[in-house]
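*Asks:* Below is the sequence, then the predicted model.
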Amino acid sequence: MVDAVFDFVIGHFNTVAYIILMMIGFYAMTGKTNLVKKLVGLNIFQWSIILFIVSLSAKRDATIPIVLAGHDHVTGPVLDAADYVNPLPHVLMLTAIVVGVAITGVALALLLRIHRQYGTLEEDELRDRVRASG
Amino acid sequence: MNAHQSVVPVLIVLAPLLTSFMLPVLGWWYRPAVFPLVLTALAVSCGAAIVAAQDVVMNGPVHYYMGGWAPPWGIEFRVDALSALMLLFLTIITLLVGIYSKQSILKEIPSKEVPFYTVYLLLVAGLAGQVATADMFNLYVFLEITSLASYALVSIGGGAAVVSAFRYVILGTVGAAFYLLAVGYLYSVTGSLNMADLSRILPDLYESTTVLVGFAFFVIGISIKMALFPMHTWLPGAYSNAPSAVSALIAATTTKVAAYVLVRVMFFVFEPRFSIEMIPVTTLLGWIGAAAMILGSVMAIAQSDFKRLLAYSSVAQIGYIVLGIGLANTAGFTGSILHLVNHAFMKGGLFLVAGAIVYRTGLREIREFRNLSRKMPVTAATFTICAFAMIGIPPTGGFFSKFYLILGAIDAGNWVFVGVIVLSSVLALAYLANVLRYIYFPNDDATGGGGRQPVPEATQRDEVPWTMLGPMLAVTAIIVLLGIFNGEVVDRFIEPAMPAGLAR
Amino acid sequence: MTPEQPDLIVRMVCRGLAPFIQLFGLYVIMHGHSSPGGGFQGGVILASSFILLAMAEGSETLRRRLSLTALTGFMSAGVLLYAGIGVVCLVLGANYLDYGVLPFSEPRSVGMLVIEIGIGITVTAAMLSIFRDLLTF
């Protein structure tokens, strides 16, 4: 029984790792009342998903996907795709990282305005002050 | 399918995108040129959508390979009849709200004209891109462009809107992250991101758990974006606190495009039999849609703020669309798409009316709307026609979409859904007739109004300016035209794009 | 020594380090299409060199030297460069962003290089404007 669980965890290491990170992020988003902590939880949540998809590109005994043309004159049909790690998830996740940074930027700007207007970043105090000011 | 190449779909996305890049510098250099340039970009987009729609209706689907790379290696833009309909109504409604927004923004957020229009054009580009693309990851990019633009637009007014916008950021990003996870799962088993390619490879893999989990993440993520009950909690705050032009724009477009993405992936990338027979997603969606319809309408009745009432009403109308998807037959699908298009104009029109009322009188509580029909008769008439369309009175478009939905429910043999549709229409009558009563028959109410001074008995006519009245009248005309010509819309746009595999 | 002007050693070291960071950032931008790197990564590294200088010299200097108008102008210029290359390809007859028709000796390579430079400019300006906004907190 313990062997089966152990095998599963080691065999699907990336899935288990990303689920643990995602749940940590999710707990921070829902369990904490400070808005900045919620934002950090959102970041952890997104980054865990990006990590998982990048980990999908790994292959056994494969090297980084850069062809040193001109060095060994390696071009054309001599290239074997199994020797190189899949570069497509890396490229896609670059875009996803940029999106994550943009969302963080927008959320930080919103937090600045909330603080400037209401003077607090705690959710319960904020609810009272918003209701009070109409 | 004999699809042909055409550059027009790209123009629909490019025109607003390039113009929004130029606006910050232009605004700093020569301010009066900003609004005409915005209108030009939206008009070019609208014209391109009309040309593309004609092309698609007469010659079949249109595709375009970005960078010259053929799929599945490159990103493909593909417009079939359903996408053409979506692009057409998106560009029309954004053009109308763009014309309306000039005076409205001047009153509500006076110093932020240039940033507002920059982000507005980015939103339009993102919406058009979501509809036109045929690549799953490209859809994620455009989805996030749309979302970021809408977060910024909702918060631009300041005050309580910023707190609602933060909540919208958190929930919306979770939804988009789930969509990204779904794309990752599907890519890991199929190795492709192109929608047509996926629809070819996936049928052999329907038994696999990975595909199932990917599909589940996709449905949850898109449901958050679509504000499907019970993941709608961001919607009331965001719609009611945002500036009026923003509420009209976002209510009419973003949730509709999310519903379109759901339809596109559920019925075109995955075959309908996956959602009907293998896992009962359509049954589940049907019941959730029914719950949204009833609960949204009930919450709307309880509201005293006009924009909040419209927000909860939107939650109910999304329930109609999802119920149509959940029925999984041709009549239900037709009703769902028709209701999608109708609701964009109906809810857009209603939010434009709310904005006009705020512009002239600053009133937001329904109890203070007394004598409004005397002060602003054209606005009141617009509200009446939009309300009739929401309730479902012929010949407005709302009647025909509900008619198709009821037909679909009868075809599926599910009489509970017929009852739910009728009950929800009665509830809509309740909350809209309440507002109508205050606008047209002020002497009925004996109890006093809220804090602000309601409009006094003898008032002069004082309508909103023509740049705001024009779009409202245009929206009203389109609602009536959609009702009269609904057969044309169904025959030319929905029938050719009907997914194979739905029950008759 | 006021709070706005930190220690002399910190200032001198940061001033010495900044050119090397900028050089590395430019290298990462230029080599985006043939080694790990690219516009976004290089842009962030370039921005971090300016942020290091800002933290060393004090926030007033940064706000005076980098006006919001200049940063917005750079942001627009960068993305317009990217979109402009695509439109040039469209005008020259091929599909949008099809670098093969550009009139250079290695058109795809040069096309991607110009795009990465555009992205780098925009990302640097965007990161600096976010930092500038956070300074007023």
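*Replies:* Sure thing, it's come through. Numbering: from 1, shown residues only, chains lettered A, B, ... in the order given.

*Asks:* Count the neighbours of the closest residue to chain C within the stretch 401-504 of chain B for me.
*Replies:* Across the stretch 401-504 of chain B, the shortest distance to chain C (Cβ to the nearest Cβ) belongs to residue B:497, at 24.9 Å. To be clear about C-beta, it is placed using only N, CA and C from the backbone, and glycine gets the same treatment. By the measure other Cβ atoms under 10 Å in any protein chain shown, the count of residues near residue B:497 is 20.

*Asks:* closest point of chain B to chain A, which residue?
*Replies:* Residue nearest to chain A within chain B (Cβ to the nearest Cβ): residue B:184, separated by 3.9 Å.

*Asks:* Check which helix or strand that residue maps to.
*Replies:* Assigning secondary structure by DSSP states H and E places residue B:184 in helix B:160-190.

*Asks:* same question, residue B:64
*Replies:* Using DSSP H and E, residue B:64 sits within strand B:62-65.

*Asks:* Show me what the helix holding residue B:184 is packed against.
*Replies:* When contacts are defined as 3 or more Cβ pairs under 8 Å, 6 or more residues apart in numbering or on different chains; DSSP states H and E, helix B:160-190 sits against helix A:35-55, helix A:88-118, helix A:123-132, helix B:136-155, helix B:195-201, helix B:209-226, helix B:235-241.

*Asks:* how about low-confidence regions in chain C?
*Replies:* C:1-6, C:137 (pLDDT under 70).

*Asks:* Looking from chain B, tell me which residue of it is nearest.
*Replies:* residue C:98 (3.6 Å).

*Asks:* Angles on the backbone of the closest residue to that residue other than its chain neighbours, please.
*Replies:* Nearest residue to residue C:98 in three dimensions, chain neighbours excluded: residue B:68, at 3.6 Å (Cβ to Cβ, 6 or more residues apart in numbering or on different chains). Main-chain dihedrals, residue B:68, degrees, to the nearest 10: phi 80, psi 0.

*Asks:* coming back round to it: can you name the residues that contact the residue of chain C closest to chain B?
*Replies:* Counting by Cβ atoms under 8 Å, 6 or more residues apart in numbering or on different chains, residue C:98 touches B:67, B:68, C:89.

*Asks:* Go ahead and confirm residue B:177 touches residue A:45.
*Replies:* Yes: look at residue B:177 against residue A:45 with Cβ atoms under 8 Å: they come within range, at 6.2 Å.

*Asks:* And for residue A:102, the neighbour number?
*Replies:* The tally of other residues near residue A:102 (other Cβ under 10 Å) stands at 16.

*Asks:* Now for the closest residue to it other than its chain neighbours, how many residues are close by?
*Replies:* Once flanking residues are discounted, residue A:102 sits nearest to residue B:148: 5.9 Å by Cβ to Cβ, 6+ apart. Neighbour count for residue B:148, taken as other Cβ under 10 Å: 23.

*Asks:* gap between residue B:148 and residue B:172?
*Replies:* As judged by Cβ to Cβ, to the nearest Å, residue B:148 and residue B:172 stand 9 Å apart.

*Asks:* got it, and residue B:234?
*Replies:* Counting by Cβ to Cβ - residue B:234 and residue B:172 are separated by 7 Å.

*Asks:* ok, those two, which is more surrounded?
*Replies:* residue B:172 (25 against 22).

*Asks:* Skip the chain neighbours and tell me the closest residue to the more buried one.
*Replies:* Once flanking residues are discounted, residue B:172 sits nearest to residue B:147: 5.0 Å by Cβ to Cβ, 6+ apart.

*Asks:* still on that earlier bit, show the average pLDDT along the helix holding residue B:184.
*Replies:* The predicted model gives helix B:160-190 an average pLDDT of 93.

*Asks:* cool, stretch B:270-277 as well?
*Replies:* 84.

*Asks:* next one: stretch B:377-389
*Replies:* The average of the pLDDT scores along stretch B:377-389 is 89.

*Asks:* which residues make contact with it from outside it?
*Replies:* Defining contact as Cβ under 8 Å, 6+ apart, one finds that stretch B:377-389 is touched by B:342, B:345-346, B:349-350, B:352-353, B:356-357, B:372-373, B:396-399, B:432-433, B:435-436, B:439-440, B:461, B:463-464, B:469, B:472-473, B:475-476, B:479-480, B:483.

*Asks:* how does it look with 7 Å?
*Replies:* B:342, B:346, B:349-350, B:353, B:356-357, B:372-373, B:396-398, B:432, B:436, B:439, B:461, B:463-464, B:469, B:472-473, B:476, B:479 (Cβ atoms under 7 Å, 6 or more residues apart in numbering or on different chains).

*Asks:* which among these end up buried?
*Replies:* Buried members of the contacts of stretch B:377-389, scored by 16 or more other Cβ atoms under 10 Å in any protein chain shown, are B:342, B:346, B:349-350, B:353, B:356-357, B:372-373, B:396-398, B:432, B:436, B:439, B:464, B:469, B:472-473, B:476, B:479.
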